[in-house]
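In: From the sequence below, what's the structure:
(chains A and B)
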Protein chains: 2
Amino acid sequence: MGLGHAENIESGKVSRCELAAVCGPTPEKFTRFPNAKGFTRSEELIRSGAVDAVLIATPHFSHTPIGIDALQHGLHVLVEKPISVQKADCERLIAAHQDPKQVFAVMFNQRTDPYYRKVRELIQGGELGPIRRINWIITNWFRPEAYFKLGSWRATWAGEGGGVLLNQCLHNLDLFQWLFGMPKRVRGFCRFGRYHDIEVEDDATAYFEYADGATAVFLTSTGEAPGTNRLEIAGENGKLVLENDALVFIKNEMPMSEFSRTATKAFAAPTTQELKFTFPDHGGQHVAVLQDFVDAILDGKPLLAPAREGIRSVELVNAILFSSALNQTVELPLDSAAYEKYLKEKVSNSRFNKNTVRTPSVLADDFAKSIPR
Amino acid sequence: MGLGHAENIESGKVSRCELAAVCGPTPEKFTRFPNAKGFTRSEELIRSGAVDAVLIATPHFSHTPIGIDALQHGLHVLVEKPISVQKADCERLIAAHQDPKQVFAVMFNQRTDPYYRKVRELIQGGELGPIRRINWIITNWFRPEAYFKLGSWRATWAGEGGGVLLNQCLHNLDLFQWLFGMPKRVRGFCRFGRYHDIEVEDDATAYFEYADGATAVFLTSTGEAPGTNRLEIAGENGKLVLENDALVFIKNEMPMSEFSRTATKAFAAPTTQELKFTFPDHGGQHVAVLQDFVDAILDGKPLLAPAREGIRSVELVNAILFSSALNQTVELPLDSAAYEKYLKEKVSNSRFNKNTVRTPSVLADDFAKSIPR
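Out: Residues are numbered from 1 along each chain as shown, chains lettered A, B, ... in the order given. Take a look at the predicted model:
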């Protein structure tokens, strides 16, 4: 990711933003960015005085220490998802953000997708009515074995802290909470190395219950081809289905519960109208989030994706994994200390068991990029 | 149901079959069938000598005693679904079928639907390959409150023994086991009277695990409008989706796991081909099952839906309800005695608490029809 972000900035796609410095373990790569200072240790970049802001696109575990370091040195921070691997680290990272003038954002680029934005608008504007059930099948994350062989840290507890939920699906789980809020109870069913020679989960089904009684199923896998990406939402005022670049809203003329109470025929159902929304593309994605970050710094504009909201998708991932391990439903808010203990055991028994795994400068195997003063 | 079946026979839709007798609590209805003898008690019809076979279309709880009575008196029996309300009664009913020359069938009319038959053919013929995951959203069973007010026995533990799973969804759960076999583990999440003023479940989500590692989600409700009926099956050789009168098979050129093991690119996926199946109608349904029953009696043809297979869908219903009540996963085969105990408690606390509820002749509130000698 880091190289792509640096190239987006370097090529001028983000207005009022310059690439002043880059950081990574491979100095040969710095030559691609002749106008930027090169660092091999994030500590040096953060203390260099060369930048106003940093984009942290390093392995997951290092987001917490690098993020805290950057925030404590007064920099604006845009962190790749997940903001941290587990809830307790998210809490530590968020706690380091003390200055309200410091902008602290997370790269949830899918929040810029007009399809998801339209879903959110239909929910928040009340058009869909209270939500009763959600079903998201998001199995189009197929990865062959070759993907996991790219690095020995991949798909290990010590290297990444989780599998498909943390790596591929985190965007979808962020959208889930962005659209529907946080559930009260989570029951997870994870399968570890079901399809691949890996130790983390590559297949998961989760059942959520919300405080207002709504229920949801979230289902993902990196082992299925061809996959599916289908989001269905049943609301009082109808049903929304997002699949294959079309958002279809089958709208009830009368809310379903009101119809149920008032209908006099035993087999009657509300009259419906079908609306279909399509958009020319999937929005500005990474570049749009970078622009949003810059605009927040320079103009004080509210962020599309504040980093403090990044704890929620991580909490969902942790809860699904923890529930699966405990073989029982877990209540939210998740006990972050209990999950941290569980994850530490997984990490200590991981096949990728590098002692240096939590040292940020060693883990920074890609570019951490920055926005200049 | 009973009246409809009797009319199908009376109008000659079932070849080599005559309506010789009818049974029900309302003799006024017998006048519709002037050539048939009328009985108000099933015991009398069964002992009358007037018929070779009976179709039992009475309230669920009475299927067991009436079925046992008819089998013990040498009649061929076609029983409406569910064959019984709970697994222990299914075992008793099936045990009464001792004579292999007696034909004992169940009214699983949806097995005649060419869409489901095609799905089964693609699975059993090996075209889909081993199944990895199934997701069936079957929420198009919307029923307004008026439906449940039709009879005080409706949607009560004592009157029906269950809700949406036993009444509306039993067909789907039969198809589930007919297509995919029985799971090893079931986790159910039922909601009781979520959408209606009833005591039984009107909303359910279930997660299944199979012996070979396959997983499934089954989801239903009588409270959602507009509903969904979408069956998705992920197999090694591709994905099948049945929805809106179209069966789409996205077929992999190479099985997904073999592709995963052999691909050299990290983001590659199998090449696919799309096949679409549509059929002019949904098959012969009830009349076809009646014909199948008659042909089995007269020609010794194997049954499309032997009654002994009817225990499986009931076991799935019981397991989903029991798991939900226990708030934990249950293993199959289900402990039928434990479930019977649970259900008896529900029945004894039911708002519909008629002492006569298990007396067949009182419960036979519709027509039990028969096929003459």
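
In: Three-state assignment for A:E345, please.
Out: Each residue gets one of three states, and A:E345 gets helix by DSSP: H, G, I helix; E, B strand; the rest coil.

In: Spit out the contact partners of it.
Out: Remark: with contacts taken as CB atoms under 8 Å, 6 or more residues apart in numbering or on different chains, A:E345 is in contact with nothing. Using the backbone N, CA and C atoms, a C-beta is placed for each residue, glycine as well.

In: redo that, cut-off 10 Å
Out: With contact set as CB atoms under 10 Å, 6 or more residues apart in numbering or on different chains, A:E345 has these partners: A:W157, A:A325.

In: how close does it get to chain B?
Out: Counting by CB to the nearest CB, to the nearest Å, the gap from A:E345 to chain B is 23 Å.

In: Equivalent analysis for A:G24, please.
Out: 20 Å.

In: Pull the number of nearby residues for that residue.
Out: 25 (other CB atoms under 10 Å in any protein chain shown).

In: Report pLDDT for it.
Out: Turning to A:G24, the model gives it a pLDDT of 95.

In: pretty sure it is in contact with A:E44, am I right?
Out: No. Between A:G24 and A:E44 there is no contact under CB atoms under 10 Å: 11.9 Å.

In: so what sits against both of those two?
Out: Residues within reach of A:G24 and of A:E44 at once, by CB under 10 Å, 6+ apart, are A:G38.

In: What ranges does the stretch 51-200 of chain A have for its strands?
Out: Chain-ordered strands for the stretch 51-200 of chain A, with DSSP state E, counting those that start in this stretch as the definition, fall at A:51-56, A:76-79, A:104-106, A:131-138, A:185-192.

In: Reformat those strands as TSV; add mean neighbour count and mean pLDDT.
Out: Conversion of the strands of the stretch 51-200 of chain A to TSV gives the following (neighbours: other CB atoms under 10 Å in any protein chain shown; pLDDT from 0 to 100):
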stretch	mean neighbour count	mean pLDDT
strand A:51-56	24	98
strand A:76-79	27	98
strand A:104-106	28	98
strand A:131-138	23	98
strand A:185-192	22	98
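
In: Go through those and name the closest to B:I56.
Out: With respect to B:I56, and counting by CB to CB, the nearest of the strands of the stretch 51-200 of chain A is strand A:131-138 at 35.3 Å.

In: follow-up on the earlier one: a markdown table please, covering the strands of the stretch 51-200 of chain A and showing distance to chain B.
Out: Conversion of the strands of the stretch 51-200 of chain A to a markdown table gives the following (distance: least, CB to the nearest CB, whole Å):
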| stretch | distance to chain B |
| --- | --- |
| strand A:51-56 | 23 |
| strand A:76-79 | 24 |
| strand A:104-106 | 24 |
| strand A:131-138 | 6 |
| strand A:185-192 | 6 |
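
In: can I get those in CSV with distance to B:I131?
Out: What follows is those, written out as CSV (distance: least, CB to CB, whole Å):
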stretch, distance to B:I131
strand A:51-56, 42
strand A:76-79, 40
strand A:104-106, 38
strand A:131-138, 15
strand A:185-192, 15
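
In: any idea where the strands of the stretch 251-373 of chain A begin and end?
Out: When assigned using DSSP E, counting those that start in this stretch, the strands of the stretch 251-373 of chain A occupy the ranges A:272-277, A:330-331, A:368-372.
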